[in-house]
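[1] the following block contains a protein sequence and its predicted model.
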Amino acid sequence: MVWNPGQRLFGGRYIVERKLGEGGIGITYLAKNEYGELRVIKTLKEEILNNPAWKPHRDKLRQDFRDEAVRLAVCRHPHIVQIENIFDEGNMPCMVMEYIEGEDMGKRLQRLGMLPEAEALLYIRQVGEAVTVIHRKGLLHRDIKPRNIMIRSGKSEAVLIDFGIAREFIPNVVQKHTVYRTPGFAPPEQYELEAPRGEYIDVYGLAATLYSLVTGIVPTSAEERRRNIPLEPPQNFNPNLSDKVNQAILRGMELQSKQRPQSVQEWLNLLDADFEEDLTEIPPTKLITTNTSSQTTFVLDQGEWKCVHTLKGHNSMVQTVAISDDGQIVASGSSDNTIKLWHLETGKLLRSLGRWFSGHSSMVHSVAFSPDGEILASGSWDETIKLWLIGSGKEIRTLKGHTNCVNSVTFSPSGQMLASGSADCTIKLWHVISGREIRTVAGHTDSVWSVAWSPDGEIIASGSADYTIKLWQVSTGSEIRTLTEHSFFVNAIAFSPDGEILASGSSDCTIKLWEVSTGSEIRTLIGHSHPVWSIAFSPDGEWLASGSWDKTIKIWHVNTGREISTLIGHHNYVRSVAYPPRTPGVYSLHGQTLVSGSDDDTVKIWRCE
């Protein structure tokens, strides 16, 4: 039986749109839930259940299917497909998952041939983080390969899917697992019914997947290798591949499991090993003096950075933080779809915005205070922008016009206009009082990740997944120039307080400083080992803070490009950093203050006395 479009499932809670595809024993459908949101429903193929050869195993098939759903439900991570529901439709077990708009990595490779090294590493690190979570739950994925990695449309985010053969494991204990493998991506122990099981099984799959991403070919299978057919080093197919990545792949694909890194994190560390050694050549000025559960302390030329507050209240990743112009309030937006307001001095929670029916229906990716501190703007992946009254927490209005996720919002210096950047590749200008759309600016060929307004209000800068930065004339919407020196997605941009310098942070792990008047590159700041996701100038323009997916915050001296310190304390990606403005009684009283938001669900307040 095949479900037809319009068919209602689970008491009408889901309506089938169309069939998406089918595998050996499963079939998937695109459906809508009660709120009109797209979802994927996976079930077993009826002909399999009715096949005489499978009839004795029907109950086990159903139970294994439900076990897959439960295993998937307990593995919560931004790079793991999320499950919404589990139910039975008649005698057919069903699981409902988020619908990931985009393409799988296998199709991406067919289209592009191979990926640039930086892009491949970005995705493989994301999947590696996800697999680490799976292992902490006592599970092995056992089927990591390009076809089981989805890339969200218009976003630099990979999502691991298909847990159909995931199994529980006890490290290095001989266990019996169903023999299943994808040639080229499965280690030799997966060809055996009984063998020791450990994280090194998925290490092989990750390394083999990276091999395929940077070469465009499927590596020699473990079975062929055991017949003395050699594995060609990936550099033989891609001479531009770095030595460290070439060696990391070969280490991860060792035939003998004991010769591989024994954990995913150990293998991921190999991808950064050479880079970390280079850092010792130019040591930053810092000294870790204390490392407790509550704070880590660093000694700088100017003083001592301390984490003075860790704010806990969000129940998912903190995507964005901003500080009001009076230096009193911190706003944070999260993947839990809410916004929280905190008192900067004490860390006390003041108010939550967007709870119940008044808020966003998807993650809040950007927040910004109006210059007078009365209004907060929030941009969300539900494709809308909301304006909120700070004093009451009441929603003023919702701005609709973008046709994809809103990634960035920023007020003009006068506070009369708002600019927004979106995954629909456009920037929109809005009149704040009326909510009217003033202009749409188009020119990027991929998602706009960040927008920034120059201090004089005459220029808007935009950073995009098309690897470029564009400067636009506000009055006309015309393009002034395009900056093209980054080799990967531009995730963050910021003007210096005097408007003379533009800083950009990229997934190529670098920060670049540009002269606004000419568009010439001043210098490149190198130090992060993972994508730079957020940057912010200090109020005096002397320092630049950067937040990275390497879980650190770095402080740089703008005039020299020298790394001053690294702040360690977050346990996951640092998504956002923000300095308060130079406000009497705030900046001067506390020295430098910095706020950061992370995928560890927390906001941290740092101070340099």
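    That came in fine, so what should we check first?

[2] alpha carbons only for contacts and neighbour counts from here, please
    Noted.

[3] just the pLDDT for Trp267.
    At Trp267, the pLDDT value in this model is 95.

[4] nearest residue to the middle of the protein?
    Glu157 (5.4 Å; CA atoms, centre = their mean).

[5] and that one, what pLDDT?
    pLDDT, read off for Glu157, is 89.

[6] what's the answer for Asp498, then?
    What the model reports as pLDDT for Asp498 is 94.

[7] please work out how many residues are found near the closest residue to it other than its chain neighbours.
    Excluding its sequence neighbours, the residue lying closest to Asp498 (CA to CA, 6 or more residues apart in numbering) is Pro455, at 6.9 Å. When neighbours are defined as other CA atoms under 10 Å, Pro455 has 17 of them.

[8] do you know how far Pro455 is from Ala494?
    10 Å (CA to CA, to the nearest Å).

[9] cool, Ile217 as well?
    Distance from Ile217 to Ala494, by CA to CA: 40 Å.

[10] who are the contact partners of the residue nearest to Asp498?
    By CA atoms under 8 Å, 6 or more residues apart in numbering, the contact set of Pro455 is 413, 495, 497-499.

[11] mind running it again at 7 Å?
    The neighbours of Pro455, taking CA atoms under 7 Å, 6 or more residues apart in numbering as the test, are 413, 497-499.

[12] can I have the buried ones of the residues you listed as a ChimeraX selection?
    If you want just the buried ones from the contacts of Pro455 in ChimeraX, going by 16 or more other CA atoms under 10 Å, the selection is:
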select :413,497,499
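
[13] which two of the contacts of Pro455 have the greatest separation?
    Based on CA to CA, the longest span within these runs between Pro413 and Asp498 and measures 12.6 Å.

[14] where does the stretch 401-550 of the chain have low pLDDT?
    Applying pLDDT under 70 to the stretch 401-550 of the chain flags no residue at all.

[15] likewise for the stretch 101-250 of the chain?
    Those would be 163-181, 193-196, if you go by pLDDT under 70 across the stretch 101-250 of the chain.

[16] quick one, strands of it?
    Under the criterion DSSP state E, counting those that start in this stretch, the stretch 101-250 of the chain contains strands at 102-104, 139-140, 149-152, 158-160, 167-168, 173-176, 194-197.

[17] ok, and what's touching the first one?
    It refers to strand 102-104. Under the contact criterion CA under 7 Å, 6+ apart, strand 102-104 has outside partners 146-153.

[18] now list the buried members of those residues.
    146-153.

[19] please tabulate those residues in a markdown table and include distance to Ile555 as additional columns.
    As requested, the buried ones among the contacts of strand 102-104 are exported to a markdown table (distance: CA to CA, whole Å):
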| residue | distance to Ile555 |
| --- | --- |
| Pro146 | 37 |
| Arg147 | 39 |
| Asn148 | 38 |
| Ile149 | 34 |
| Met150 | 34 |
| Ile151 | 32 |
| Arg152 | 31 |
| Ser153 | 33 |
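
[20] so which of the residues you listed is the closest to Cys608?
    Closest approach between those and Cys608, by CA to CA: Arg152, at 38.6 Å.

[21] and that closest one, how far is that from Gly102?
    To Gly102, Arg152 is 5 Å away according to CA to CA.

[22] okay, domains of the chain per the record?
    Using automatic domain parsing, the domain parsing of the chain gives 8-98, 112-279, 282-312+511-609.

[23] got the ones you listed as JSON lines, with distance to Leu341 columns?
    Formatted as JSON lines, those follow (distance: least, CA to CA, whole Å):
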{"stretch": "domain 8-98", "distance to Leu341": "24"}
{"stretch": "domain 112-279", "distance to Leu341": "27"}
{"stretch": "domain 282-312+511-609", "distance to Leu341": "11"}
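
[24] quick one: closest of those domains to Ser380.
    That would be domain 112-279 among the domains of the chain, by CA to CA, at 13.8 Å.

[25] what about Ala69, which helix or strand?
    Using DSSP states H and E, Ala69 sits in helix 58-74.

[26] so who does Glu157 touch?
    123, 151.

[27] give me that answer again for 6 Å
    Ile151 (CA atoms under 6 Å, 6 or more residues apart in numbering).

[28] got it, and Val367?
    377-378.

[29] so that it lines up with my notes, have the first residue be 186 from now on.
    Noted, 186 is the first residue going forward, which turns the last one into Val552.

[30] could you pull out the helices in the protein for me?
    231-235, 243-259, 290-297, 302-321, 385-400, 407-410, 428-437, 449-455, 458-464, 772-775 (DSSP state H).

[31] so which of the ones you listed gets nearest Arg666?
    Of the helices of the chain, nearest to Arg666 by CA to CA is helix 302-321, at 25.3 Å.

[32] what angle sits between that closest one and helix 385-400?
    Taking axes from the mean of the first three to the mean of the last three CA atoms, to 10 degrees, one finds helix 302-321 and helix 385-400 inclined to each other by 170 degrees.

[33] buried residues, helix 302-321. List them.
    By 16+ other CA under 10 Å, the buried positions in helix 302-321 come out as 302-320.

[34] any idea how far Ile329 is from Ile346?
    Taking CA to CA, one finds Ile329 at 9 Å from Ile346.

[35] looking at those two, which one has more neighbours?
    Set side by side, Ile329 and Ile346 show more neighbours around Ile329, with 28 against 22, by other CA under 10 Å.

[36] so who does the nearest residue to the more buried one once chain neighbours are set aside touch?
    Distances taken as CA to CA, 6+ apart place Gly390 nearest to Ile329, at 5.1 Å, with adjacent residues excluded. Applying CA under 6 Å, 6+ apart to Gly390 gives the contacts 329, 370-371.

[37] hmm, 7 Å instead?
    Contacts of Gly390 (CA under 7 Å, 6+ apart): 329-330, 370-371.

[38] okay, and the beta partners of Thr213?
    Gly206, Lys227 (DSSP bridges).

[39] that older thread, buried sites along the helix holding Ala254?
    Under 16+ other CA under 10 Å, the buried positions of helix 243-259 are 243, 246-247, 250-254, 256-258.

[40] how close does the closest residue to Gly564 other than its chain neighbours get to Arg760?
    With CA to CA, 6+ apart as the criterion, Gly564 has its nearest non-adjacent residue at 4.6 Å, and that residue is Ile570. Applying CA to CA, the value for Ile570 to Arg760 is 19 Å.

[41] hang on, the earlier thing: and the residue nearest to Asp683, backbone torsions?
    phi -60, psi -30 (degrees, to the nearest 10).

[42] against Ser761, how distant is it?
    Pro640 is 21 Å from Ser761, where distance means CA to CA.

[43] can you check Arg296 too?
    For Arg296, the distance to Ser761 equals 33 Å [CA to CA].

[44] just Val659 next, same as before
    26 Å.

[45] now swap in Trp188 and tell me
    In this view, Trp188 and Ser761 are 44 Å apart by CA to CA.

[46] before we move on, what about Leu456?
    24 Å.

[47] these two: which has the busier surroundings?
    Between Leu456 and Ser761, Ser761 has the larger neighbour count (other CA under 10 Å), namely 30 against 21.

[48] let me see the contact set for that one.
    Each residue near Ser761 by CA under 7 Å, 6+ apart is listed here: 504-506, 718-719, 732, 781-783.

[49] of these, which belong to strands?
    Among the contacts of Ser761, the members found in strands (DSSP state E) are 504-506, 718-719, 732, 781-783.

[50] got TSV for those, with neighbour count too?
    Converted to TSV, those look like this (neighbours: other CA atoms under 10 Å):
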residue	neighbour count
Gln504	28
Thr505	29
Val506	28
Trp718	29
Ser719	28
Gly732	31
Ser781	29
Gly782	31
Ser783	28
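
[51] in TSV: those residues, plus distance to Val430.
    Listed next are the ones in strands among the contacts of Ser761 as TSV, based on distance: CA to CA, whole Å:
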residue	distance to Val430
Gln504	30
Thr505	32
Val506	34
Trp718	23
Ser719	26
Gly732	24
Ser781	31
Gly782	30
Ser783	27
